[in-house]
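Novice: Show me how the following folds:
(4 chains)
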Amino acid sequence: MIVPFDLIILIFVLICALAAITIKDLLSAVIILGAYSFFMCLMWAQMGAVDVAFTEASVSASIGTILLITAVFKTTRRSKD
Amino acid sequence: MKLISLVIVLITGAILIYGTMDMPDWGDPDSPASLHVSPRYITKTLEETATPNMVTSVLADYRGYDTLGETTVIFTAGMVCILLLRSLGGKISKLDT
Amino acid sequence: MFDFIVSKYNYWMYIVLMMIGFYAMIGKNNLVKKIIGMNIFQTAIILFFVSIACKKGGATLPIIKHAHGAEHAIKVSHYLNPLPHVLMLTAIVVMVATLGVAIAIIIKIYREYGTLEENEILRKLK
Amino acid sequence: MIDQAPILIIVVPLMCAFLTPILGQLNKKLCYFWVVSALTASVVFSVITLQVVLKSGAIHYYLGNWAPPWGIEYVIDHLNALMLVLVSSVALLVAIYSKKSVEQEVSGKTAFYTVFLLQVVGFLGIVITGDLFNLYVFLEIASLAGYGLIAAGEKGALIASFRYIIMGTVGACFYLLGVGYLYMVTGSLNIADLANILPDLYSSKVVLVAFAFFMVGIAIKMALFPLHVWLPDAYTRAPSSASALLAPLMTKVSIYVMIRIIFTVFKPCFSIETLPVAKIMVWVGIAAIIAGAIMALAQTDFKRMLCYIIVAEVGYMVGGIGLANPIAIKGAILHLLNDAVMTLGLFLVAGIITYKLKSHTLSDFHACFRKIPLTMIAFVIFALSIIGVPPTGGFFSKWYLIQGAVIAQNWSFVVVLLGSSLINVILFFRIIEIGYVFHDSDQNHSHGEKKITINEAPFSMLVPTLTVAISIILIGIYNQEIVKNIIQFAVPEL
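Specialist: The predicted model follows:
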C-alpha cells in the first residue's frame, strides 16, 4: 500500500498551526511554530522544491525560531489568549 | 473584536475558495504557468548560463535583480534593528551578543 | 465533486492555513501571537506558490542530471517549474526580515510598557 | 551615461546606503552630506530620464540584458518619469531639511540616515519597475524601512509601528497572493506581457480574485478609508523628518501602483466596464473624504490633523480615478503631484514647529506668526493650496476633478469636494487664528510685557520649506504645461 505521505504531513502542519495559535504559554507556542516550519519544509522537499525547503529549514525554522525564543526570553512567557 | 475578525477571515476564505474553482488542477503539466516563461529556464539553462541547477540560474542570472533586492531587504532589517535597539542605552551590550 | 476536491487538496489546505494565520494576526491580542500568525500566513502563501510549480507525471527536481556529460535532450515536462521556487526563496527571506523587525519592536515595547497585550498597552498610553 | 540613467537613479542611492554605516564609523557628520549628495545625483538622473522620455517616448531598460518576459525590465513612460522626479526631489528636500531635527529627535544618526536612503530606494524601485514581483520586493524594502523610521519616534511610536507592521504585512501578502494568482493563469510576471495575455482570461474567476486582492492590498498601503487605521498614529508619532518623507510619498506611490494595476496590467475595459470597480471607488472615495474631513476637525494635534487630511486627499485621488473619464484622471494625477508637494510642505512646517516649540499640539501655537514669520507665511501658502485658492496648485487639480465629476454627472462627488474644501477653510483658519489673533490679546494682558522675539527656524530647515512653498505656486501657474506635456500622455485610452 502506498501511503499518501504528503497528506499525513499536511495534517501535521494543520495541527501544529492550530496549536501554535491556541496555546497560552508563548514558549511552547513558539517551539510548536518551529515544528510547523519543519513539517512545512519536509512537505516542500517532498513536492520537489529542495531549494525552498532548505532555505526554509535554515532561515525560517531555525533562525526564525531562535529569534522568537530570544524574544520570549527577553519579554514574558505568559499570554492571555 | 474577535467576532469581526472571524467574519473578515471567513470572507477572505470564501473569496479564495471562489477563486480556486477556476484554477488548473494541482500538478497539471500543461497549466499555463509551466508553459509560458519557464520552458526557457529549463531548456536553455545549460546553454545560456552553464548552470545545471535551474533555481540557481534563475536566482542569480535571469532574475538576479530580485536577489539584489532580497539582500537589500536583509540589510534594511539589520539597520532597522540597530536603529531601534541602539537607543536602549547601556542595556544594548547585554541584549545583542 | 470528489475528484474536484481531491485534485486541488493542496490549494484547500493553503486556504485553511492562511485563514488560521490571518485570524491570529487580526484577532489575537498578544503581540507574539500576532507575529506567529504572520509567520503562518506568509508560509501559507509560500505553500501556494510551491504548489503552482508542481508537475505530475515523473517530473523531478529542477536540476539537470548528467549536465557535464553526454548531451541529453532536455524535455520541459521532465523538470519542475523553477520560477516559483526562486520567487519563494526571496519571499522567505523577506518573511524573516519582517520577523526580525517585528521582534526588535516587541522587545522595545516590553521594556517600555511591561506587557505584551495590545489592549493593556493602549490603555497605558492614554 | 544617459543610456544608463534609469538604473543609476536606483543604484546610486542604494550603493550609498550600503556605504553609509562605514562612513558613519569614520565621522558622523559626513552622513548628512553623503545622503544629500546621493539624492542629488538621483534627482539629476531622474530629470535626465524625464527629458529623454519627453523627447523620445517610453524607455525600456533590460536588467542584465535578458529580454522582458524572462528577465526583469524597467519601463519608464510619462507617468513613471513624473513620479521619479517627484519622489527623488521630495526625498532630496527632506534630506536637506533633516539635519537639525534628526540631531534633536533621533539617537542613532548613522542608522537613521541609512534607513532613510533605503526608504527612498524602495519608493524609487516601486515606481520604476516593470515587473510585478520586483515591485513586491521593493514594496517590502520601503515598508520595512518605514516601520523602522516610524518606530524611532516619540512615545507611542512603537505600538503604532507594530500595528503598521501587521496591517502592512497583510497588504503586502495580499499583493503577493494576487501576483501568484495571475502567474498561475498566465505564466508571466512582466506587466507589459501580462497586459497582452490577460484579455483572453477576463472571464476567469482566478483573474477576478487576483484583481480583488491587488486592490485590497494596495488600499491598505495607501490608507484608503476603512483601512486607514494605521496611518494617523504612525505618522503623528514618527520623527518629524521621517513623517515628512513618508507622509507625502507612501500614499502617493501606492496610488501610482493602483493606477498601474487598473489601467496597465488590466485594461480599462475590464476594470472599469466589466466590473463595478469604478463605482465602488467613487463611493469609497466619497466616504474617505467625509470621514477624513470630520475626523480632522476633531483633532487637537497638528500632525494628527494633517494625517486625517491625508486620508481625505487619498479619497480625492481614488474618487477621481473612479470617475473614469480623461479629465477626472488628469485631475487625479495632477492632484497626486500637488498633494505630494502640499503634504510635504505642511509636514515640514510641522517639523519646524516641533523643533522650535517641542510640541505639535494646536494650543501651543500662540504667537507663532511673531516667532517664526517666514515659516508661517509658507504655512499659509500650503493652507491656501489645500483649501484650493487659485494661484496655488491645489486649485487647479480640484478644478479638474470637479469638471470630471460634472462630466460623469456624479453630483455627490462635487458636493463632497466643495464641502471638504469648506471644512479645510475652517481647519486652517482656526490655526491661523491661534497663531496670529491670540497674540494681540497676549500683549494686552496686564502682566504681558512679554517681548516676543523673532526666532526663525535654522537655515537648513527654512530653505527647503520656502522652496516647496514657491514650487506649489509654480505648479499652479504652469499647470497647463504640466498637463499638456506630461500628464496627458499618462491618461489611458478609455
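Novice: Which residues belonging to the helix or strand encompassing C:Ala102 are considered buried?
Specialist: Using DSSP states H and E, C:Ala102 sits in helix C:82-113. Neighbour-count burial for helix C:82-113, counted by 16 or more other C-beta atoms under 10 Å in any protein chain shown, picks out C:82-110, C:113. Just so you know, the C-beta spots here come from the backbone N, C-alpha and C atoms, and that holds for glycine as well.
Novice: Which residue, neighbours along the chain excluded, lies closest to the residue nearest the centre of chain C?
Specialist: Centroid-nearest residue in chain C, with C-alpha atoms, centre = their mean: C:Thr43, separated by 1.7 Å. Distances taken as C-beta to C-beta, 6 or more residues apart in numbering or on different chains put A:Met40 closest to C:Thr43, at 5.6 Å, once the chain neighbours are dropped.
Novice: contacting residues for the one you found?
Specialist: Shown in contact with A:Met40 (C-beta atoms under 8 Å, 6 or more residues apart in numbering or on different chains): A:Val13, A:Glu56, A:Ala61, C:Thr43, C:Ile46, C:Leu47.
Novice: any idea how far the last one lies from B:Met79?
Specialist: As judged by C-beta to C-beta, to the nearest Å, C:Leu47 and B:Met79 stand 30 Å apart.
Novice: And the contacts of the lowest-mean-pLDDT helix or strand in chain C?
Specialist: Using mean pLDDT, DSSP states H and E, the weakest-scoring helix or strand in chain C turns out to be helix C:2-6, at a mean of 72. Contact with helix C:2-6 is made by C:Trp12, as judged by C-beta under 8 Å, 6+ apart.
Novice: after it, next one along is what?
Specialist: Later in the chain than helix C:2-6, the nearest helix or strand by DSSP H and E is helix C:9-27.
Novice: Now that following helix: buried residues?
Specialist: Going by neighbour count (16+ other C-beta under 10 Å), the buried part of helix C:9-27 is C:10-27.
Novice: pull the CA atoms of that helix into CSV?
Specialist: What follows is helix C:9-27, C-alpha atoms only, in CSV (Å, rounded to 0.1, in the frame of the first residue of the first chain):
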residue,chain,number,x,y,z
TYR,C,9,-6.3,19.5,-1.9
ASN,C,10,-3.1,21.5,-1.7
TYR,C,11,-5.0,24.6,-2.5
TRP,C,12,-7.7,23.9,0.1
MET,C,13,-5.0,23.3,2.6
TYR,C,14,-3.2,26.6,1.9
ILE,C,15,-6.5,28.4,2.2
VAL,C,16,-7.1,26.9,5.6
LEU,C,17,-3.6,27.7,6.8
MET,C,18,-3.9,31.2,5.5
MET,C,19,-7.2,31.7,7.4
ILE,C,20,-5.7,30.4,10.6
GLY,C,21,-2.7,32.8,10.3
PHE,C,22,-4.9,35.8,9.3
TYR,C,23,-7.2,35.2,12.2
ALA,C,24,-4.3,35.2,14.6
MET,C,25,-2.9,38.4,13.0
ILE,C,26,-6.1,40.4,13.4
GLY,C,27,-8.0,38.7,16.2
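Novice: mind checking pLDDT for whatever residue of chain B ends up closest to chain A?
Specialist: Relative to chain A, the nearest point of chain B is B:Val55 (4.5 Å; C-beta to the nearest C-beta). What the model reports as pLDDT for B:Val55 is 86.
Novice: which stretch of helix or strand covers D:Val284?
Specialist: D:Val284 belongs to helix D:277-297, assigned by DSSP H and E.
Novice: Tell me if the helix or strand following that helix is near chain C.
Specialist: Per DSSP H and E, the first helix or strand lying C-terminal to helix D:277-297 is helix D:302-323. No. Under the criterion of C-beta under 8 Å from any C-beta of the partner chain, helix D:302-323 makes no contact with chain C; the nearest approach is 13.7 Å.
Novice: so whatever helix or strand comes next after helix D:302-323 versus helix D:302-323, what angle?
Specialist: Going down the chain from helix D:302-323, the next helix or strand is helix D:326-357, by DSSP H and E. Calculated by axes from the mean of the first three to the mean of the last three C-alpha atoms, to 10 degrees, helix D:326-357 forms an angle of 170 degrees with helix D:302-323.
Novice: what's the next secondary structure element after helix D:326-357?
Specialist: Past helix D:326-357, the next helix or strand by DSSP H and E is helix D:368-371.
Novice: List the residues that contact residue 57.
Specialist: The chain I'm using is chain A. A:Ser37, A:Phe38, A:Cys41.
Novice: Chain D is the one I meant
Specialist: D:Asp77 are the contacts of D:Gly57 under C-beta under 8 Å, 6+ apart.
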